[in-house]
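Requesting a structural model of the entry that follows:
(one chain, ligands or ions: 2)
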Amino acid sequence: MSAQDQQVSQPLLEARNVSKIYGGKVACGNVNLSLYPGEVLGIVGESGSGKSTLLNCLAGQLVPEQGEVLFHTRNEGVVNLFSISEARRRLLSRTDWGFVHQSARDGLRSDVSAGANVGERLMAVGARHYGQIRAEASDWLQRVEIDIARIDDLPRDFSGGMQQRLQIARNLVTRPRLIFMDEPTASLDVSVQARLLDLLRQLVSQLQVAAIIVTHDLAVARLLAHRLMVMRQGQVVEEGLTDQVLDDPQHPYTQLLVSSVLQA
Ligand code: ADP
Ligand code: MG
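Ligands and ions are numbered 1, 2, ... in the order given. Alright, predicted model coming up:
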């Protein structure tokens, strides 16, 4: 079977009927999706529509009330994220996928250097040779356009854009096949956003890493995602290829979202 056939037949991640409820309110309800290797899925919708809740369930960080998430792991075949222990889930989150948060506060360790933020991920997957870890960390700092002279600095002394780029290096250094991103550019100035988006687009395509990116910004979705899911009040109201959804939206809510961007 060719690599391409394998891609077609084997989803990397599958969600079946995932629902998360907070105090009787459905934050995300009955969500189904399949993500294939190398694919970039955008989840869009207004603030409060359930995007982050869904993403956290998919990444095993929140346990849904209902449904299952199946992940095709590197070494253990397909696992149901919620029928394994929390400890195993946490380990997989370091070895098999990455998570880039909106805020560097949630995605970086502020008390260790930039180099260590990248290097500790390599150690989590078994690297032990200090020289190699440092060399690989500096290589990754360069790949995300951070001056290696800053390798021993603490992330809190970095600009917002640099912090996000460091988060990306920390997450990609172990070469996961999937990276989750929650509004990765939302806390940045517009000019800084553009540079980060460019870099993300380059890296995702170079590394052929699959990604699920949550954004309220349709321009970000347009630039990065192959496929889109539109959420409203916890439900998926429309999904399809990015250009189709944005150029010819079918659901009235998507039409509203797209037209409000045009007017903005
Ligand atoms: P989005 O990321 O699209 O802005 P969220 O997933 O953060 O939306 O939130 C979806 C809904 O779930 C919102 O109504 C929000 O108020 C609610 N919600 C999210 N997190 C919690 C929580 N920890 N406790 C209670 N309600 C929550
Ligand atoms: Mg959110």
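
Now do the end-to-end distance for stretch 244-256.
End-to-end distance for stretch 244-256: 15 Å, by C-alpha to C-alpha, to the nearest Å.

Tell me where this structure has helices.
Residue ranges of the helices in the chain, as given by DSSP state H, are 3-9, 51-58, 86-95, 104-107, 114-124, 130-143, 160-172, 190-207, 218-224, 242-247, 252-263.

would you turn the ones you listed into TSV with distance to residue 233 and mean neighbour count?
Any C-beta I mention is one placed from the backbone N, CA and C, and that applies to glycine too. Compiled in TSV, those are given as follows (distance: least, C-beta to C-beta, whole Å; neighbours: other C-beta atoms under 10 Å):
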stretch	distance to residue 233	mean neighbour count
helix 3-9	33	11
helix 51-58	12	24
helix 86-95	28	15
helix 104-107	25	17
helix 114-124	36	21
helix 130-143	39	16
helix 160-172	29	23
helix 190-207	27	15
helix 218-224	18	21
helix 242-247	18	17
helix 252-263	9	14
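
so which of those helices gets nearest ligand 1?
Judged by C-beta to the nearest ligand atom, the one of the helices of the chain that comes nearest to ligand 1 is helix 51-58, at 3.2 Å.

hmm, back to that, and the helices of the chain, which one's lowest on average pLDDT?
Of all the helices of the chain, helix 3-9 carries the lowest average pLDDT, namely a mean of 53.

Residues of the stretch 1-150 of the chain that sit close to ligand 1?
22, 27, 45, 47-53 (C-beta under 6 Å from any ligand atom).

Grab the nearest non-local neighbour of residue 13.
Leaving aside its sequence neighbours, residue 13 sits nearest to residue 35 (C-beta to C-beta, 6 or more residues apart in numbering; 4.4 Å).

ok, that neighbour - contacts?
Residues near residue 35 by C-beta atoms under 8 Å, 6 or more residues apart in numbering: 11-14, 41, 178, 210, 212.

Could you rerun that using 10 Å?
Counting by C-beta atoms under 10 Å, 6 or more residues apart in numbering, residue 35 makes contact with 11-15, 41, 58, 71-72, 178, 210-212, 227.

quick one: which of those residues is nearest to ligand 1?
The closest of these, once distances to ligand 1 are taken by C-beta to the nearest ligand atom, is residue 58, at 11.9 Å.

quick one, what contacts that closest one?
Counted by C-beta under 10 Å, 6+ apart, residue 58 has contacts 13-15, 18, 28, 31, 33, 35, 41, 43, 64, 69, 71, 81, 97, 178, 180, 212, 214.

gap between the one residue sitting closest to the centre of the chain and residue 226?
Compute the mean C-alpha point of the chain, and by C-alpha atoms, centre = their mean the closest residue is residue 180, 1.5 Å away. Residue 180 is 16 Å from residue 226, where distance means C-beta to C-beta, to the nearest Å.

pull the CA atoms of stretch 59-70 into CSV?
Provided in CSV are the C-alpha atoms of stretch 59-70 (Å, rounded to 0.1, in the frame of the first residue of the first chain):
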residue,chain,number,x,y,z
ALA,A,59,-6.4,16.6,23.1
GLY,A,60,-7.3,14.6,26.2
GLN,A,61,-7.2,17.5,28.5
LEU,A,62,-10.8,17.6,29.3
VAL,A,63,-12.9,14.4,29.9
PRO,A,64,-16.2,14.6,28.0
GLU,A,65,-19.4,13.4,29.5
GLN,A,66,-20.1,11.4,26.4
GLY,A,67,-18.3,10.0,23.4
GLU,A,68,-14.9,8.8,22.5
VAL,A,69,-11.7,10.1,21.0
LEU,A,70,-9.6,7.5,19.2
